[in-house]
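Colleague: sharing a model prediction with you, sequence too.
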Amino acid sequence: MTSASTNAPTGIKAAADEPYVPHQNRISASPAALKSPETIDLERQIVEAMKTVFDPEIPVDIYQLGLIYDIDIDPEKN
């Protein structure tokens with residue numbers, strides 16, 4: 001019996017071999033991507049709040065589970 005990683009070409013790992021890291025490869029070059037210290041702090045507070053919300057079937061919070069893909073904060077901080 002073979003695993004998914006052994007069926008992959010040499011040097012390529014199966015997706016299950018790597019842990020999920022939110023926004024690991026995400027880079028934005030737009031000027032709007034530059035965030036103020038207030039926005040960065042608000043995002044941190046939002047993430048901390050989301051880490052207190054757990055999936056009802058498994059003991060993992062929704063942020064670490066990878067269910068949150070982006071946090072959009074408008075100019076009015078909504």
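Modeller: Great, that's in hand.

Colleague: quick check, Ala49 in a helix?
Modeller: Yes - if the criterion is DSSP: H, G, I helix; E, B strand; the rest coil, then Ala49 is within a helix.

Colleague: neighbours of Val53, how many?
Modeller: Neighbour count of Val53, defined by other C-beta atoms under 10 Å: 13. All C-beta atoms are positioned from the backbone trio N, CA, C, and that covers glycine.

Colleague: now do the contacts for the nearest residue to it once chain neighbours are set aside.
Modeller: Leaving out its chain neighbours, the residue that sits closest to Val53 by C-beta to C-beta, 6 or more residues apart in numbering is Ile62, at 5.0 Å. By C-beta atoms under 8 Å, 6 or more residues apart in numbering, Ile62 lies in contact with 50, 53-55, 68.

Colleague: what separates the nearest residue to Gln64 once chain neighbours are set aside from Ile40, distance-wise?
Modeller: Distance criterion C-beta to C-beta, 6+ apart; nearest residue to Gln64, sequence neighbours excluded, is Lys51 at 7.0 Å. To Ile40, Lys51 is 17 Å away according to C-beta to C-beta, to the nearest Å.

Colleague: try Leu65
Modeller: Distance from Leu65 to Ile40, by C-beta to C-beta: 23 Å.

Colleague: the more surrounded of the two?
Modeller: Shown here are Leu65 and Ile40; by other C-beta under 10 Å, Leu65 has more neighbours (15 against 11).

Colleague: quick check, the more buried one in contact with Pro56.
Modeller: No - checked against C-beta atoms under 8 Å, the pair Leu65 and Pro56 is beyond contact range at 11.7 Å.

Colleague: for Ile40, helix, strand, or coil?
Modeller: helix.

Colleague: I should have written Thr52 there, sorry.
Modeller: Per three-state DSSP, Thr52 ends up coil.

Colleague: can you pull the contacts of it?
Modeller: Asp61.
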